[in-house]
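In: Pasting a predicted model and its sequence here:
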Amino acid sequence: MKRISRVFILIALMAFGFSLKSGERPIHEIHSMLMFNFIKYVEWPADAKSGNFVIAVVGDENVASTIQNFYTNRTVKGQTVKVVNVDNVSEVNNAHVLYLSSNRSKEFETAIEKFTGKSTLMITDKNGLGKKGSCINFQEINGKLKFEINQESIKGNNLKVSNQLSSMGILI
């Protein structure tokens, strides 16, 4: 019952956006929490369901450590989670999830070239990157954190997003 109430609270927060007023949770915690939940609502193809479930974080040590804490002693879809914290996209060879922080957005084109067509959920944090090909992009709208879902990019990377997640995001 407690888990169900947490899911409903999270859904409400995601649907209406997180307020970005000062004094609340740090943005890296909010991003990490949302990514943790995005993963639950995405389905990877069968060929991506072996070995470690790799989450690569580019350019944000705080997000990487928070995600690592979320997944300590947990698995994702039957796979052991491996969180990789790197400074640039060239250091990532394969990943189920690639988070590209706003301070590394200049590497977006490299990430697109490297991961388009692969079973990688690319999550970014810079206005405009959703329309340019990121699978999920965080965006601030009227002081609230929302997220865009690029349906073409999701499909092009052989991923499936549940209707629950699609209904909470801004579809592009």
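Out: Thanks, I have it.
In: all contacts plus neighbour counts: C-alpha atoms, from now on.
Out: OK.
In: Name the nearest residue to residue 62, sequence neighbours excluded.
Out: residue 28 (6.2 Å; CA to CA, 6 or more residues apart in numbering).
In: per-residue confidence for the one you found?
Out: We have a pLDDT of 90 for residue 28.
In: Can you classify it by secondary structure?
Out: helix (DSSP: H, G, I helix; E, B strand; the rest coil).
In: who's in contact with residue 129?
Out: 108, 137 (CA atoms under 8 Å, 6 or more residues apart in numbering).
In: So it versus residue 43, what's the distance?
Out: 22 Å (CA to CA, to the nearest Å).
In: can you give me the helices for the chain?
Out: 2-16, 27-40, 61-71, 108-115, 129-132, 151-156, 163-168 (DSSP state H).
In: per-residue pLDDT, residue 53?
Out: 96.
In: so what secondary structure elements neighbour the top strand by length along the chain?
Out: The residue-count maximum for a strand in the chain (DSSP state E) belongs to strand 79-86. Secondary-structure packing of strand 79-86 (3 or more CA pairs under 8 Å, 6 or more residues apart in numbering; DSSP states H and E): strand 53-58, helix 61-71.
In: now the angle between helix 61-71 and it, please.
Out: Orientation of strand 79-86 against helix 61-71 (axes from the mean of the first three to the mean of the last three CA atoms, to 10 degrees) gives an angle of 170 degrees.
In: Sort out which residues of strand 79-86 are buried, please.
Out: Neighbour counts over strand 79-86 (16 or more other CA atoms under 10 Å) mark 80-86 as buried.
In: now residue 76: how far from residue 52?
Out: According to CA to CA, residue 76 and residue 52 sit 9 Å apart.
In: do the same with residue 118
Out: 16 Å.
In: Then residue 158?
Out: For residue 158 relative to residue 52 (CA to CA), the value is 18 Å.
In: okay, the helices of the chain in JSON lines with distance to residue 96 next?
Out: Listed next are those as JSON lines, based on distance: least, CA to CA, whole Å:
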{"stretch": "helix 2-16", "distance to residue 96": "22"}
{"stretch": "helix 27-40", "distance to residue 96": "9"}
{"stretch": "helix 61-71", "distance to residue 96": "14"}
{"stretch": "helix 108-115", "distance to residue 96": "10"}
{"stretch": "helix 129-132", "distance to residue 96": "18"}
{"stretch": "helix 151-156", "distance to residue 96": "12"}
{"stretch": "helix 163-168", "distance to residue 96": "17"}
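In: Residue 103: what's it in contact with?
Out: By CA under 8 Å, 6+ apart, the contact list for residue 103 reads residue 59.
In: Kindly report the same for the one 4 residues further on.
Out: With contacts defined as CA under 8 Å, 6+ apart, the neighbours of residue 107 are 88-89.
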